[in-house]
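**Q** below are the sequence and a predicted model for it; my questions follow.
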Amino acid sequence: MFIRAYLRASTKEQDAKRAKNELIQFATDHGHKIAAFYIENESGATLVRPKLMQLINDAYEGDVILVEQIDRLARLNQADWDILKRMLSEKKLSVVSKELPTSYMALQPEGNTAFMSSVLQAINSMMLDMLAAIARKDYEDRRNRQRQGITRAQAEGRYAGRKKDTEKRKIIASLLKSHHSYSDIQKTVKCSRQLIATVSQELKDVG
């Protein structure tokens, strides 16, 4: 059994490594070491995240995914959460979270009866579903509050929208004109593919 720690933050301005030492200490307290860390800055509301997919691909049957909280793993809608659970189940991967004591059983040597193990697994699965649902609701509530705030600010004439990063767009446009690939531009400018596509379309509209 390998323990693979997954750390995530939603934006590049946030420190995805913040809980790394806490997870190392948690594993040590339970008599284990973390074999690998998978760290990324991606939204938890998105199922397909590069490092998460790499973790699942790298994992062997029976490995453990260690997270600080379930919302680090997922803020997914029900359909995507079901897909993720199926991906984990296919490799018999266990999720252990610091906030979920019933998940700690995955770190213990085999000592329970088959019956007790089944009971604990059922309880843990139910708790995981509940925490994932809470994480999703928290995400949706924050998005709703944000939208309400924007609507109110617009009504009061205080919201001008997100300002375009004109300098970054100029660089992207220049690289597109030089026939650089989207991947090269992403690495150079540190931007999303969506922004590159937007600038590309703007160039087409002008030209």
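**A** It's in. Numbering: from 1, shown residues only.

**Q** now the helices for this protein?
**A** With DSSP state H, the ranges of helices along the chain come out as 20-29, 50-58, 70-73, 78-90, 114-155, 166-177, 182-189, 193-206.

**Q** run the angle between the second one and helix 78-90 for me.
**A** If I follow you right, that is helix 50-58. 30 degrees (axes from the mean of the first three to the mean of the last three CA atoms, to 10 degrees).

**Q** got a list of what the nearest residue to residue 42 once chain neighbours are set aside touches?
**A** Nearest residue to residue 42, sequence neighbours excluded (CB to CB, 6 or more residues apart in numbering): residue 49, at 4.4 Å. Every C-beta, even on glycine, is put in place using the N, C-alpha and C of the backbone. If you count contacts by CB atoms under 8 Å, 6 or more residues apart in numbering, residue 49 has them with 8, 40, 42.

**Q** what is the neighbour count of the first one?
**A** Read that as residue 8. 25 (other CB atoms under 10 Å).

**Q** not counting residues beside it along the chain, what's closest to residue 177?
**A** residue 203 (7.4 Å).

**Q** sorry, slip of the keys, the one I care about is residue 171.
**A** According to CB to CB, 6+ apart, the nearest residue to residue 171 is residue 189 (5.6 Å).

**Q** with adjacent residues omitted, what lies nearest to the residue minimising distance to the centre of the chain?
**A** Residue closest to the mean C-alpha point of the chain, counted by CA atoms, centre = their mean, is residue 44 at 3.8 Å. In space, not counting the residues next to it along the chain, residue 44 is nearest to residue 75; the distance is 3.8 Å by CB to CB, 6+ apart.
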